[in-house]
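Colleague: quick one, structure for this:
(one chain, ligands or ions: 1)
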Amino acid sequence: ARYREGQGWYDARLTTYGPLPMDPATAALHYAQSIFEGLKAYAQPDGSVAMFRPEANAARFARSARRLAMPVVPEESFLTAVDALVDADRDWVPTGPDQTLYLRPYMLASEPFLGVRPAHEYLFLIIASPAGAYFPRGVHPVSVYVSEEYARAAPGGTGDVKCAGNYAASLLPQQEASALGCDQVVYLDAVEKKYIEELGGMNLFFVLGSGEDAELVTPELSGSLLPGITRDSLMEVARGLGLRVTERRYSLDEWRQGVAEGTVTETFACGTAAVITPVGVVKARTGDFTVGDGTPGPLTMRLREALLDIQHGRVADTHGWLHRVG
Ligand code: PMP
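Modeller: Coordinates of the predicted model:
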């Protein structure tokens, strides 16, 4: 759909995938006035299709739009649009183990001009693409590199919304991590360079203790980390299992010391793409360490299964998180 100031949204349509005509002065290309979301549609055992918490994506998209001085896509329109796209051909939703239809709603400033001001014209699009299982050969821990030179986001910045520029800034640290043989970057807070924020595209959880007494700790929403929908869902699932869940500041030192003393038994990252991925090797300027024994921890796997069971409709949706398509 298109938006023009004074006119509102218009020209909503479903089209085949193809290139967009674009003026060289298109505002989004120069000043990154561009936001996006990522969510999934899951084939259900009864043959229907369901999206996982699309209202939460609509709400976050609206927050991102406000932060970047863009028009808001009303929640109802956002839901109608993703629903219509998935409903256009149910065969797009793969039915193999752990397979999904990934949906990428995004909005960009499409007005051609070179001045720095909010654009008057926008384009809202959604791409649908089948996604295979994230771990086709079994879940295994990822290695991470703690970036102490670069921050992902600063207080007052755009780190708590999903805008294109955040990801541009994370490409160089990701390249450095890859050069060191690590899969992902751990970002620290930009002020004290001490507290853990998140990975480049996933939130983090730390398991303190084990068994019935285990406590889950996740960095509090500092204003410069993205409030993940998987993070929020997992906190609720974990509390439902009787686990203690704490949102607080959590430092790299506390993590390293906890692992050394055996009080931190597991660490995992979570996001729409991987759902949950265990974290193993940690590389940092101040010393490397390893969480666990190279295999996924029991609580990590239990929470992973619990959430996947809800998403794939294998257990009752007691939280009301599934949105039936059509
Ligand atoms: N942090 C960042 C920076 C991300 O890009 C993502 C992916 N959207 C997440 C966390 C996880 O969010 P969600 O669970 O909503 O996918």
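
Colleague: excluding chain neighbours, give the residue nearest to E236 in space.
Modeller: Spatial nearest neighbour of E236, excluding adjacent residues (CB to CB, 6 or more residues apart in numbering): H319 at 6.4 Å. The way it works is simple: take the backbone N, C-alpha and C, and place the C-beta from them, glycine included.

Colleague: cool, D160 as well?
Modeller: G223 (5.6 Å).

Colleague: on that earlier part again, look up how far V237 lies from the residue nearest to E236.
Modeller: Between H319 and V237 the distance, using CB to CB, to the nearest Å, works out to 8 Å.

Colleague: my read: A238 touches L303, true?
Modeller: Yes: under the criterion of CB atoms under 8 Å, A238 makes contact with L303 at 6.2 Å.

Colleague: which residues are in contact with the residue most central in space within the chain?
Modeller: Per CA atoms, centre = their mean, the C-alpha nearest to the average position across the chain is that of G271, at 4.4 Å. Neighbouring residues of G271 by CB atoms under 8 Å, 6 or more residues apart in numbering: 199, 201-203, 228, 230.

Colleague: with adjacent residues omitted, what lies nearest to it?
Modeller: Using CB to CB, 6+ apart, the nearest residue to G271 is M202, at 3.9 Å.

Colleague: I figured that neighbour hits Q184, correct?
Modeller: Yes: at 7.2 Å, M202 and Q184 qualify as touching, with contact defined as CB under 8 Å.

Colleague: so which of those two has more stuff around it?
Modeller: The residue with more neighbours, out of M202 and Q184, is M202; 25 against 22, by other CB atoms under 10 Å.

Colleague: circling back to that earlier point, okay, the residue nearest to the centre of the chain and T277: tell me how far apart.
Modeller: Distance from G271 to T277, counting by CB to CB: 8 Å.

Colleague: which residues do those two both contact?
Modeller: What both G271 and T277 touch, as defined by CB under 8 Å, 6+ apart, is the set M202.

Colleague: helix, strand, or coil at T230?
Modeller: In the three-state summary, T230 is assigned as helix, counting by DSSP: H, G, I helix; E, B strand; the rest coil.

Colleague: for it, which residues are in contact?
Modeller: 202-203, 270-272, 275-276, 307.

Colleague: got the residues of the stretch 201-326 of the chain near the ligand?
Modeller: Residues of the stretch 201-326 of the chain found near the ligand (CB under 6 Å from any ligand atom) are 201-203, 226, 228-231, 271-272.

Colleague: ditto for the stretch 1-150 of the chain
Modeller: Taking CB under 6 Å from any ligand atom as the measure of proximity, the stretch 1-150 of the chain contacts the ligand at G38.

Colleague: what's the mean pLDDT across stretch 281-297?
Modeller: Averaging pLDDT along stretch 281-297 gives 95.

Colleague: same question for that stretch: list its buried residues.
Modeller: Judged by neighbour count (16 or more other CB atoms under 10 Å), stretch 281-297 contains these buried residues: 281-284, 289, 291-292, 296-297.

Colleague: for stretch 84-92, same thing?
Modeller: Using 16+ other CB under 10 Å, the residues of stretch 84-92 that count as buried are 85-86, 90.

Colleague: with pLDDT and distance to H140 as added columns, please give the contacts of G271 in JSON lines.
Modeller: Formatted as JSON lines, the contacts of G271 follow (pLDDT from 0 to 100; distance: CB to CB, whole Å):
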{"residue": "L199", "pLDDT": "98", "distance to H140": "16"}
{"residue": "G201", "pLDDT": "97", "distance to H140": "18"}
{"residue": "M202", "pLDDT": "98", "distance to H140": "15"}
{"residue": "N203", "pLDDT": "98", "distance to H140": "19"}
{"residue": "G228", "pLDDT": "98", "distance to H140": "21"}
{"residue": "T230", "pLDDT": "98", "distance to H140": "19"}
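
Colleague: specify the beta-bridge partners of the closest residue to A131 other than its chain neighbours.
Modeller: Nearest in space to A131, with sequence neighbours left out and distances taken as CB to CB, 6+ apart, is Y102 at 4.2 Å. Residues in a beta bridge with Y102, per DSSP bridges, are K40, S129.

Colleague: what residues does Y102 make contact with?
Modeller: Taking CB under 8 Å, 6+ apart, we find Y102 in contact with 38-40, 128-131, 273.

Colleague: for V86, same thing?
Modeller: The contact partners of V86, by CB under 8 Å, 6+ apart, come to 41, 49, 51, 92-93, 101, 103, 128, 325.
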